[in-house]
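> what follows is a protein structure lacking sequence information:
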């Protein structure tokens, strides 16, 4: 499963496919205020992007790939900066 789900964070694995969109949507709907870590992600299917655009979760880490990171930061308006406590 390309997303691992914790209490308040969904963490992407390297490849996020169309099959991952529905589990991510269900997780974000049932965990209001949950955050998403896209750090390890190297491929993000557009269905997953649509879930992120619709749900607008806080993105804590953008992908390490500079091209994917740049595209997602523009599309999602996310900086990917971790919060300090």
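Now that the structure is in, tell me what you want to look at. Keep in mind that what you see is a predicted model, and the values were worked out from it rather than measured.
> now name the helix or strand holding residue 69.
Using DSSP states H and E, residue 69 sits within helix 66-76.
> let me know the average pLDDT across that helix.
The average of the pLDDT scores along helix 66-76 is 93.
> can you start the count at 504 instead of 1 from here on
Right, with 504 as the first residue, what we last looked at is helix 569-579.
> and it, what does it pack onto?
strand 546-547, helix 549-558 (3 or more Cβ pairs under 8 Å, 6 or more residues apart in numbering; DSSP states H and E). Heads up, the C-betas are built off the backbone N, CA and C, glycines and all.
> same for the first one, what does it pack against?
With contacts defined as 3+ Cβ pairs under 8 Å, 6+ apart, the packing partners of strand 546-547 are strand 518-519, helix 569-579.
> let me know the distance separating residue 563 from residue 572.
Applying Cβ to Cβ, to the nearest Å, the value for residue 563 to residue 572 is 13 Å.
> which parts of stretch 560-572 are buried?
560, 562, 563, 564, 565, 566, 568, 571, 572 (16 or more other Cβ atoms under 10 Å).
> can you list contacts of that stretch?
512-513, 515, 531, 536-547, 555, 575-576, 579, 581-586 (Cβ atoms under 8 Å, 6 or more residues apart in numbering).
> now those residues: which count as buried?
Buried, going by 16+ other Cβ under 10 Å: 512-513, 515, 531, 537-544, 547, 555, 575, 579, 581, 583, out of the contacts of stretch 560-572.
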